[in-house]
Every structure is written in structure tokens, then in C-alpha cells.
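# make a model of this:
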Amino acid sequence: MYLQIRNDGTVTDCIDYQHEGYVLFEGEVPQSVNGGWHKLIDGVIVEQVELNPTTIANQIQSAIDAYTLELIEGGVI
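Now for the predicted structure:
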């Protein structure tokens, strides 16, 4: 597989053919690698969970839910 990698190591694309600007990667490639939340670190693709928009959305929703519960329990709403 060939990876497109930003200067900070973030993998932004993965293709199965050689193309200018892509580097050869010989190893297991996660299906979600094109999402932009994986980095190539020391030759290994590592998921950066904190960059995953699904994880971020879940964290935001959990915070909203917790705050809403506080407001309800406090009699504000």
C-alpha cells in the first residue's frame, strides 16, 4: 500500500498503486486510515483517538448530557 503523509506524520490517504508524493508501506493498514486520525510513527500506523471526529462528538455529547442533568437536578430547567 502507498500512503500520503503530512509533515506531522498524519496519514491522509492510502492507495494500492504507486503515485507521486506517496510512500510505500508494507504492513497492516487499518480500514479507517483515510480518516485523518492515524499517524505513521517509527514505521507503524498508530490511531490518534483524540483526533477521531466520532470520539470527539461522543465526548461533546457526554458533556452536554452531564450538564443538562446537573441543570435538571438543580431545578434550573
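# rest of the way, CA atoms for contacts and neighbours
Fine.
# all strands of the protein, in order?
2-5, 11-15, 22-24, 38-41, 44-47 (DSSP state E).
# how about residues contacting stretch 50-70?
Here stretch 50-70 makes contact (C-alpha atoms under 8 Å, 6 or more residues apart in numbering) with Gly35, Gly36, Trp37, Val49.
# for the first one, give me its contacts.
Looking back up the chat, that one is Gly35. Thr12, Asn52.
# now swap in the second one and tell me
Contact analysis of Gly36 by C-alpha under 8 Å, 6+ apart lists Thr10, Val11, Thr12, Asp13, Leu51, Asn52.
# TSV for those residues, including neighbour count, pLDDT and distance to Tyr2?
Output for the contacts of Gly36, formatted as TSV (neighbours: other C-alpha atoms under 10 Å; pLDDT from 0 to 100; distance: C-alpha to C-alpha, whole Å):
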residue	neighbour count	pLDDT	distance to Tyr2
Thr10	23	92	14
Val11	22	94	10
Thr12	16	91	11
Asp13	16	93	8
Leu51	13	78	22
Asn52	15	78	22
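# low-confidence ranges, the protein, go.
Judged against pLDDT under 70, the chain has no low-scoring part.
# what about the helices in it?
53-73 (DSSP state H).
# in a markdown table, list the contacts of Gly36 along with distance to Glu20.
Below are these laid out as a markdown table (distance: C-alpha to C-alpha, whole Å):
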| residue | distance to Glu20 |
| --- | --- |
| Thr10 | 17 |
| Val11 | 15 |
| Thr12 | 14 |
| Asp13 | 13 |
| Leu51 | 27 |
| Asn52 | 27 |
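# still on that earlier bit, out of the strands of the chain, which one sits most buried?
strand 2-5 (a mean of 20; mean count of other C-alpha atoms under 10 Å).
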